[in-house]
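A.B. asks: below: sequence and its predicted model.
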Amino acid sequence: MSLAFRKVTSAPLREFDAAAPDGVVIGLIGENGSGKTRLLRLAAGVETPAAGSVECPPGARLLGPMDPLDLDPSTPDPPHPHPPPVLLLDQTFARQDALVRHRAALALDRLRRRGATILLASHDEDLLLRLSDEIWWLDRGALAARGDPSEMLAAYRRHIARRERAWGETLRPPLSPRMRRGDGRAEVLSVETLGANLRPTIVWRSGETVTVRVVVRFHREVADPVVGMMIRTRIGLNVYGTNTELEGLKLGPVPAGAALQVRFAFDCQLCPGEYTLTAASHDPDGVWHDWLEDAVAFAVSDDRYTAGVANLRAQVTAAPVQAAPAPASSLTPASNPE
């Protein structure tokens, strides 16, 4: 083995145990603080572990985020007369332009074919899929999983989506409408986005059953109030809107001083992205009591990429098609006009 970590402990790493053979590119993924940089520095000999051991041949080379990617493959050999047996890249592609990244990728392939072991820490999924033979997923200092790049990245996306969803439940953003207008007969007190567990969150998972909860207090009697909501993309495209009148729910008459809580529940068939929520109380003829334009912002996450706004979750199938026989007319020789 060209590079091996034997029960290495060096915070945040905890009894980290893994080995990489010669001639491979190992992608490293994980959240910030998971131990990727510490692992690379240990392999380079810049740091020593508190426990365990690192087996690495002499001459390992470490490149950090600010270092140049001087691995030009256009020369007969890489610019260093003795290519390193182990190359360690810590987010080194992140600041480079497309041309430098492309040249460096070709150079890494040359180094791999010459037997070098390369550890590549990056948050760029496309880069990892292109270059990695295997991916190691680090989580809180431990090797959470390792294996095929596509499988590991999919599992990591699911992990991040869960973490993002949990984070969304920790925030309680205030109402901050871009514009507010109305005659004051009613006041929208709160607008909340709830997850499938009915807890407030600013992050929905694509596909889960969600709820928009609007609380309205009426300062004067209103004979027939209508409460509505509108979801927009962050650039202002209307995505979905409805109100109590459209849904056949009659709210009035409502006396002065009363408050109503209105819930809109639906499946979140939205693509990952950022959205805003507008809420309003108004008369059936459209006269506003209180209109909160883009009252709250929220996000939608998923564990895979989808394009557009609506996530229709298509069920895709494929089947072979029998080739149709050629038309009979095309097989008939042309008749002699004589």
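C.D. replies: Nice, thanks for sending it over.
A.B. asks: only C-alpha atoms for contact and neighbour calcs from this point on.
C.D. replies: Will do.
A.B. asks: what's the following helix or strand after the lengthiest helix in the chain?
C.D. replies: Identified as the longest helix of the chain according to DSSP state H is helix 149-168. Counting by DSSP states H and E, the element after helix 149-168 in chain order, helix or strand, is strand 179-181.
A.B. asks: show residues contacting that next one.
C.D. replies: Identification of contacts with strand 179-181 by Cα atoms under 8 Å, 6 or more residues apart in numbering yields Trp288, His289, Asp290, Trp291, Leu292, Glu293, Asp294.
A.B. asks: most neighbours out of those residues, which is it?
C.D. replies: Trp291 (26 neighbours; other Cα atoms under 10 Å).
A.B. asks: against Thr242, how distant is that one?
C.D. replies: For Trp291, the distance to Thr242 equals 14 Å [Cα to Cα, to the nearest Å].
A.B. asks: do Arg112 as well
C.D. replies: For Arg112, the distance to Thr242 - Cα to Cα - is 57 Å.
A.B. asks: name the residue in the two with the higher neighbour count.
C.D. replies: Neighbours per residue (other Cα under 10 Å) separate Arg112 from Thr242, with Arg112 holding more: 19 against 14.
A.B. asks: isn't that one up against Pro83?
C.D. replies: No: the pair Arg112 / Pro83 is not scored as a contact, 10.4 Å apart, by Cα atoms under 8 Å.
A.B. asks: show me what Val203 is bridged to.
C.D. replies: Note on Val203: beta-bridge partners by DSSP bridges are Ala299.
A.B. asks: which residues are in contact with it?
C.D. replies: For Val203, the contact set (Cα under 8 Å, 6+ apart) comprises Glu164, Arg165, Trp167, Gly168, Glu169, Gly195, Phe298, Ala299, Val300, Ser301.
A.B. asks: now with 6 Å, please.
C.D. replies: By Cα atoms under 6 Å, 6 or more residues apart in numbering, the contact set of Val203 is Arg165, Gly168, Phe298, Ala299, Val300.
A.B. asks: need the strands for the stretch 51-200 of the chain, in chain order.
C.D. replies: For the stretch 51-200 of the chain, the strands defined by DSSP state E, counting those that start in this stretch occupy 51-55, 61-63, 86-90, 117-121, 134-139, 142-147, 179-181, 186-194.
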